[in-house]
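In: Mind folding the following:
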Amino acid sequence: MPYTLNLRNQKAVLWLWDGTSVDDYGKAKPAVAIEISVRWEEVNKEVTDSEGLTIGIASQVVVDRDIPIGSLLWLGAIADIASPPVNIRQVVMVNKAQNFNGREIRRTVLLKKYSDSLPTLV
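Out: Coordinates of the predicted model:
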């Protein structure tokens, strides 16, 4: 069993963003929701992005797949999503690191607070 599987024992809802779909206001329009296994940690830190801007990070999440910046995540199972959803987070940074022998990749995404409403879906 890969190392990262041992760390992902929580459920999260993922709305992937393809990097091109935006609404009339320039906000990302993510795709239909899917449920994934994660390890979710609430954090309170700031990071500097590639453009030198400071971003407040609310959550750090270990995931099992590549997730594009701009995608949305919510902690919990699809069946548990409130209407309207609360505490939606947006991916602002992605980290990938290989283990010492290069066989496994640990993927971590950093999330900022997004909104309590979803944008129009693709």
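In: Neighbours of residue 81, how many?
Out: For residue 81, the tally of surrounding residues (other C-beta atoms under 10 Å) stands at 15. To be clear about C-beta, it is placed using only N, CA and C from the backbone, and glycine gets the same treatment.
In: That one contacts residue 74, doesn't it?
Out: Yes. The pair residue 81 and residue 74 qualifies as a contact (C-beta atoms under 8 Å) at a distance of 6.7 Å.
In: where do the contact lists of these two overlap?
Out: residue 13 (C-beta atoms under 8 Å, 6 or more residues apart in numbering).
In: list the contacts for residue 67?
Out: Counting by C-beta under 8 Å, 6+ apart, residue 67 has contacts 14, 16, 73, 91, 94, 107, 109.
In: ok, now residue 73?
Out: Residue 73 sits next to 12-15, 38, 59, 61, 67, 88-91, 109, 111 when contact means C-beta under 8 Å, 6+ apart.
In: who does it bridge with?
Out: Residue 73 has these beta-bridge partners by DSSP bridges: residue 14, residue 89.
In: all strands of this structure, in order?
Out: Using DSSP state E, the strands of the chain run over 10-15, 34-48, 54-63, 72-75, 88-98, 105-115.
In: Could you export stretch 7-26 as CSV, keeping only the C-alpha atoms?
Out: Listed next in CSV are the C-alpha coordinates belonging to stretch 7-26 (Å, rounded to 0.1, in the frame of the first residue of the first chain):
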residue,chain,number,x,y,z
LEU,A,7,-2.7,9.5,5.3
ARG,A,8,-6.0,10.0,3.4
ASN,A,9,-8.9,8.8,5.7
GLN,A,10,-11.3,11.7,5.3
LYS,A,11,-13.8,12.5,2.4
ALA,A,12,-13.9,15.7,0.5
VAL,A,13,-15.9,17.0,-2.5
LEU,A,14,-13.9,18.2,-5.4
TRP,A,15,-15.0,20.5,-8.2
LEU,A,16,-12.2,20.3,-10.8
TRP,A,17,-11.4,23.4,-12.9
ASP,A,18,-10.1,22.9,-16.4
GLY,A,19,-8.3,26.3,-16.5
THR,A,20,-10.4,27.8,-19.2
SER,A,21,-14.1,27.9,-18.1
VAL,A,22,-15.0,31.3,-16.5
ASP,A,23,-18.3,33.1,-15.8
ASP,A,24,-19.2,36.6,-16.8
TYR,A,25,-17.2,38.0,-13.8
GLY,A,26,-14.0,36.1,-14.6
